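In: Okay, here's the prediction I keep looking at, along with the sequence it came from:
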Amino acid sequence: MAAGIAFLLNGREVRTSLPPGTALVDFLRDGQRLTGTRIGCREGDCGACTVLLGRLEDGRVRYRAVASCLFPLGDVAGCHVVTIEGLNHDGLTPVQQDFVSEGASQCGFCTPGLVVSLTGFLLEDPALETEDAVSAVEGNICRCTGYAAIRRAIERLLREARPAALAAGPEGRLDALVGRGVVPAYFSGIPAQLRELPAEAAPKREPADAVVVAGGTDLFVQRGPELAERKLRLLAHRDGFTGIWPAPDRLFIGAAATVAGLMESPLVAAVFPPLPGFLRLVSSTQVRHRATVGGNIVNASPIGDLSVILLALDAGIGLRCGARTRERKLRDFFLGYKKLDLKPGEVVAWLSLPVTRQGVRLHFEKVARRRRQDIASVNAAIGLEAEDGRITAAHAAAGGVAPVPLYLRRASAFLAGREVSPATVREFIGIAASETAPISDVRGATAYKQALLRRLLFAHFLELFPDRIGAGDLP
Amino acid sequence: MKQNDIFFHGRGETLYVDDLGGFAGLLHAAVLPSPVARGRLLRLDASAARRLPGVVAVLTAADIPGENQIGGILLDEPLLADGELHFAGQPVALAVAETPRQARQALAAVRLEVEELEPLLDPRQAAARGSLIAPPRTFALGDVEAAWPLCAHVVSGRAETGGQEHLYLETQAAVAVPGEKDTLRVISATQSPSGVQRIVARVLGVPMSQVAVEVYRLGGAFGGKEDQATAWAALAALAARALRRPVKLALERREDMRCTGKRHPYSSDFRLGLDAEGRILAYEVTFYQNAGAAADLSTAILERTLFHAGNSYRIPNLRATGYSCRTNLPPFTAFRGFGAPQAMFVLEAALFLAAEKMGLEPAELQRRNLLHEGDELPYGQKLANSRAARCFDQAVSAFDLEAARERVRAYNAANALSKKGLALMPVCFGISFTSTHLNQAGALVHVYTDGSVSVSTGAVEMGQGVNGKIQLAAARTLGTASRRLRIESTCTQRVANTSPTAASTGADLNGRAAELACREIRARLLQVAAARLGIPAGELDIRADAVLRAGQKTGLGWEELVQAAYMARVNLSAQAHYATPGIRFDRASEKGEPFAYHVFGTALVEATIDGLRGVADVDAVRAVHDAGASLSPLVDRGQAEGGIVQGIGWVTLEELLYSDKGKLLTDTLSTYKVPDIRTAPATIEVRFLKDAPNPAALLGSKAVGEPPFMYGIGAYFALLAALRAFRPGKPLPFSAPLTNEKILAWLSE
């Protein structure tokens, strides 16, 4: 088998021997002169570099919009990479046409990213609702239009494309979209072409100093250019790290499961119904398609949304070294600022979430400067079990208030056995506050974070027990 | 359609500077910024950096062959630091290498020895120490002192507005390509091609004729590439000249955010006096503009602040004073509105305060004080064609202010932890560069023998649709189809001595110049047609590619006509120049008629505050806007909507934070947040004032780029109204942006 990374780029097969840590966007722009994929920020925050990544899954190609600035070239092996140029045919696609008709493009720099995001939405979204299409472009920043024309273009697009796309059913969606010119005809042949690509070589023994990359959505922000010069250990598609699987009393989440994977999982929705909704507050569509659960934890950001949610779900964490895996409670895994109970050679393999008969009631609160695609000033999650207003077990956590994603040990313990009442909530908040020590930074001053934490903790109870806690009980 | 940018935008086929290829031997440059906001550069050792692989050169101030000076209005800004360091981010050295990565690795290997000094960051402190860019200026009308005793109500206070990062999605970039005979071609992402040409020539010590500057388009600018694109182009030119190879300099986002100027922060004191009926009798305001470390455009921006101190209101006695304060932050610069938003915010704060004191809705005070025809403006101009009241009244009725108020009242009564508020925001914005000499433009039009047309002007397309407007005006004037016209890149060799594409005047000035050039060609073509048809030219017309007589086709079409003209040796090219008539301004008396006309409008803004979490949402902005006889409602609507959301961002979300050492902390998109599609109000409705042609501009149209930005200010006051609904009595802050943090502080303290 030939060396290098083999994949489909738009309509043709490509093989490259560039380092696997090369950012996909650099390969596209510098190597292939595909300049419709633009660099606006190199941190996954603007969406100008959005491309679609198609992978064979259960016989069908599934396309996901990703930020190519945060994507290691090594992980496109065996995939179909679609840039704006790969969508173009004579004239304009319906997405492009609607942007033109509604004046949804001014300076044009962000437009290809928006077109790609929306095309990915048309290819994959089951229901094609307008608000979900808006969500699909939450990660695409446009500084010119004020988004009103983009909204109008989206509405027009769905008016025109939705009926036929839905009528075709999931299996027929691609052909229906080819028929309408949303994607060029060559898309129909992609599944067969992908099957013919040479299989990826089994990973060789990676050197000990290899950089472990799961989603890479934070690594590429922090160490982008350097990654092209390092050996990588890519986990995103490695057996034993991916997927979500059930066990009798718990749910396992592979460390390389993506946030989007969690949101789409029927298993997750069945056990933790509100969770997919909360995950919409995490980053943007492009990043959620790539960011992993394990990565969010190992990154050890004191404000990681997933870390805080998983702490509230009383998660365990599986740490693998070679063939051995040991399990710890997630709350014991964070030792200090960016310091983890992770031994040399160990990687996070999975998270495990206890599943009880009664079911946990989960709530998540997050306040950032901006509602979407932003890092929280403070976030907070609580998972509790209650019977007739009496709490039997509780786990509360908060981010942005300590050097680590903070499990609120004493406050959680306090709740066990308590009746939900304004007095309980007040005391809980007081204990929780005493466990925290937020610092002043760009996400807010200490006093702000303290006040915000109190209010978010109160919001848990206001939302979970509206019959017991009212607005007037705000301490 | 296939001539227009937007067609290619959607396909990703338009090219920005960093997308351009075809430069054999291209080198990449990167800039070493000053690590301190104020200090002395004691030693710079690049020897290790120069030895790194791929590194071709590290250039410093000593390598500049001409003047190390890029200042436009004042000569106070070196291209590369020479001894003194005035702001964190100031270019100190330039590394040039085979790849961008190698150039940046070289920077990391440059050893700097710096003596850090205490920076001056606060404009009031700067003013107190006499650290000013220029002497203060005062605009005065009537007699403020005599008016105070007559006032029934007087309010005073302080208002602050923060800076704003442009966040054009295309970062600053330029490519410089050396040619024969010491010429240089610079492709720059600039709003000021001639400005770049002038400074590059100055820095290299060559005549301007040796430097050609070309601009294809900008990936957004908003003022941020009016003066601030120059340094990067000059640095690329310096390297290309020194190394005799093409050099590209494209800033990474963080470099761009750290090194380039932004909207000026202002701190202002106001005092407003009204009679018992709520009519403004006197207004006194002092603006402290944080200009940063160099003049850049600060004095012109401060001037526009003074011009717009009274916004859309009749103020018989006014005194507005402005201090442009020199500090150690990156030089602040032009940004949509150019000082006017800062002025309008202060007056709205004063009116809000007065309305609260008088127990009135702010809208009542606004309405009672609107400008009317013939009112004297603080700079002496008498207002003509006033549409202030028309726009205001139409907004009140079209958007049903009463019903909106009722909605808010009902919502607030029903919700303890969430409150709504609304505000009206009238805007009156003067059109013309306030530096009168800049109100000129040139155009060069060629008709080719196949009938296709090439139009060059001084306008730079940056997404504002100026090329489309020029195309429309030129096609209409010539009488041919739009599709035959190509609007060319902006190039100093085709159109010289261009004014920046700024001050909302791009289409007004350049469109007029193109129109004049097309008129000349049209007149010559009519002569050709007259000779050919044997009909007097005065009876002929060219429309829709056909020569007409009394509305009837003569059988002579465009292509045949053009061919005939060529065979008859008639000049098919024309150059034209336009200068806005009738404007003047005397800076000694601070009086004159600086504006060709004014743009009016009023917006109604509704907002909600989640009082539990302290989170703000702007729900709806509805505006009645005076676009004259719009040349392109689609383009003008886009300008209005985009301006509104940028304005909302400025007063709510976008916050620049600096360390106490003067270093920008919010230097990435993850820390400096601009509106996304969810932040933008779900409802934005812009209605254009009907039957409102403008006699003073191109085909009855009006400039549109900047005025709508200021509707966004209404979001601040809608949020204040929502805060007020939580708690009566407590003083409200006049300190934009009103971030979530400030909201929660107000609610919880």
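Out: Sure, I can see it. Numbering: from 1, shown residues only, chains lettered A, B, ... in the order given.
In: For the chain, give me the ranges with low pLDDT.
Out: Using chain A. Across chain A, the ranges flagged by pLDDT under 70 are A:1-3, A:200-204.
In: You answered for a different chain; I wanted chain B.
Out: Short version for chain B, where the test is pLDDT under 70: B:1-3.
In: the longest helix in it is where?
Out: Taking DSSP state H as the criterion, chain B has its longest helix at helix B:506-533.
In: neighbouring contacts of the next helix or strand after that helix?
Out: Downstream of helix B:506-533, the next assigned helix or strand under DSSP states H and E is strand B:540-543. Applying C-beta atoms under 8 Å, 6 or more residues apart in numbering or on different chains, the contact partners of strand B:540-543 are B:478-480, B:522, B:525-526, B:529-530, B:533, B:547-549, B:551, B:554, B:558, B:561. C-beta: built from backbone N, CA, C; applies to glycine.
In: now the residue in the stretch 401-550 of chain B that chain A sits nearest to, what's its secondary structure?
Out: The minimum distance from the stretch 401-550 of chain B to chain A, using C-beta to the nearest C-beta, falls at B:Gly463 (2.9 Å). The three-state label given to B:Gly463 by DSSP: H, G, I helix; E, B strand; the rest coil is coil.
In: ok, it touching A:Gly108?
Out: Yes. At 6.6 Å, B:Gly463 counts as touching A:Gly108 under the criterion of C-beta atoms under 8 Å.
In: any common contacting residues for those two?
Out: What both B:Gly463 and A:Gly108 touch, as defined by C-beta under 8 Å, 6+ apart, is the set B:217, B:219.
In: show me what contacts B:Ser312?
Out: By C-beta under 8 Å, 6+ apart, the contact set of B:Ser312 is B:370-371, B:388, B:426-428, B:600.
In: cool, and A:Leu18?
Out: A:5, A:27, A:31, A:73, A:228.
In: got it, and B:Val144?
Out: Residues counted as contacts of B:Val144 (C-beta under 8 Å, 6+ apart) are B:282-284, B:317-319.
In: ok, now with 7 Å
Out: B:282, B:284, B:317-319 (C-beta atoms under 7 Å, 6 or more residues apart in numbering or on different chains).
In: before we move on, what about B:Leu353?
Out: When contacts are counted by C-beta under 7 Å, 6+ apart, B:Leu353 touches B:155, B:157.
In: Could you look up the SS state of it?
Out: Assigned by three-state DSSP, the conformation of B:Leu353 is helix.
In: how near is it to chain A?
Out: Distance from B:Leu353 to chain A, counting by C-beta to the nearest C-beta, to the nearest Å: 26 Å.
In: where do the helices sit along the stretch 201-350 of chain A?
Out: Ranges of helices within the stretch 201-350 of chain A are A:219-227, A:259-264, A:266-271, A:275-279, A:285-288, A:293-298, A:305-312, based on DSSP state H, counting those that start in this stretch.
In: residue boundaries of the helices in the stretch 101-250 of chain B?
Out: Counting by DSSP H, counting those that start in this stretch, the stretch 101-250 of chain B has these helices, from start to end: B:123-128, B:144-147, B:193-204, B:230-243.
In: which residue packs closest to B:Ala514, ignoring adjacent ones?
Out: With sequence-adjacent residues excluded and distances taken as C-beta to C-beta, 6 or more residues apart in numbering or on different chains, B:Ala514 is closest to B:Ala443, at 4.2 Å.
In: how about the one you found, secondary structure?
Out: Secondary structure assignment for B:Ala443 (three-state DSSP): strand.
In: hang on, the earlier thing: rebuild the contacts of A:Leu18 as CSV, extending it with neighbour count, distance to B:Ala414 and secondary structure.
Out: Output for these, formatted as CSV (neighbours: other C-beta atoms under 10 Å in any protein chain shown; distance: C-beta to C-beta, whole Å; DSSP: H, G, I helix; E, B strand; the rest coil):
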residue, neighbour count, distance to B:Ala414, secondary structure
A:Ile5, 23, 59, strand
A:Phe27, 23, 56, helix
A:Gly31, 14, 59, helix
A:Leu73, 26, 55, helix
A:Ala228, 18, 57, coil
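In: Go through the residues you listed and say which is closest to B:Gly71.
Out: Relative to B:Gly71, the closest of the contacts of A:Leu18 is A:Ala228; by C-beta to C-beta it sits at 40.0 Å.
In: Correct me if wrong: that closest one contacts A:Thr22.
Out: Yes. Counting by C-beta atoms under 7 Å, A:Ala228 does reach A:Thr22; the two are 4.6 Å apart.
In: how far away is B:Thr490 from B:Leu720?
Out: According to C-beta to C-beta, to the nearest Å, B:Thr490 and B:Leu720 sit 43 Å apart.
In: what helices or strands is the longest helix of chain B leaning on?
Out: If you count contacts as 3 or more C-beta pairs under 7 Å, 6 or more residues apart in numbering or on different chains; DSSP states H and E, helix B:506-533 packs onto strand B:440-447, strand B:453-457, helix B:466-478, strand B:540-543, strand B:552-557, helix B:558-567, strand B:573-579.
In: So which residue is smack in the middle of the chain?
Out: Since you didn't name a chain, this refers to chain A. Against the mean C-alpha coordinate of chain A, by C-alpha atoms, centre = their mean, the closest residue is A:Arg288 at 2.0 Å.
In: um, chain B though
Out: Centroid-nearest residue in chain B: B:Arg336, 3.1 Å away (criterion: C-alpha atoms, centre = their mean).
In: Without its sequence neighbours, what residue ends up closest to B:Gly463?
Out: Excluding the flanking residues, the one nearest B:Gly463 by C-beta to C-beta, 6+ apart is A:Cys107, at 2.9 Å.
In: what's the neighbour count on that neighbour?
Out: Counted by other C-beta atoms under 10 Å in any protein chain shown, the residues lying close to A:Cys107 total 28.
In: ditto for A:Arg324
Out: 8.
In: same question, B:Ala603
Out: B:Ala603 has 32 neighbours, counted by other C-beta under 10 Å.
In: Same check on A:Leu330?
Out: With neighbours defined by other C-beta under 10 Å, the count for A:Leu330 comes to 23.
In: Report the separation between it and chain B.
Out: Distance, A:Leu330 to chain B, using C-beta to the nearest C-beta: 25 Å.
In: and that residue, what does it touch?
Out: By C-beta under 7 Å, 6+ apart, A:Leu330 lies in contact with A:310-311, A:315-317, A:351.
In: Over to A:Pro94?
Out: Contacts for A:Pro94 (C-beta under 7 Å, 6+ apart) come out as A:157, A:160-161, A:180-182.
In: per-domain residue ranges of the chain.
Out: Reading this off chain A. A:5-86+A:193-234, A:89-183, A:244-473 (automatic domain parsing).
In: Not quite, go with chain B.
Out: Taken from automatic domain parsing, chain B resolves into B:377-432+B:588-749, B:440-579.
In: wait, does the longest one make contact with chain A?
Out: Okay, so that is domain B:377-432+B:588-749. Yes. Domain B:377-432+B:588-749 is in contact with chain A by C-beta under 7 Å from any C-beta of the partner chain, via B:416-417, B:612-615, B:634-635, B:637-638, B:641-642, B:644-645, B:653, B:657, B:665-666, B:668-671, B:673-674, B:676-680, B:684, B:739-741, B:744-745, B:748.
In: How far off centre is that domain?
Out: A distance of 16 Å separates the C-alpha centroid of domain B:377-432+B:588-749 from that of its chain, computed with C-alpha atoms, centre = their mean, to the nearest Å.
In: And for residue 455, the neighbour number?
Out: No chain was given, so I picked chain A. Neighbourhood size, A:Arg455 [other C-beta under 10 Å]: 26.
In: please go with chain B instead
Out: 27.
In: and residue 30, which of the three is it?
Out: In the absence of a named chain, chain A is used. Recorded secondary structure, A:Asp30: helix (three-state DSSP).
In: Over to the one 5 residues further on?
Out: In the three-state summary, A:Thr35 is assigned as coil, counting by three-state DSSP.
In: Could you measure from it over to chain B?
Out: Note on A:Thr35: its distance to chain B, by C-beta to the nearest C-beta, is 4 Å.
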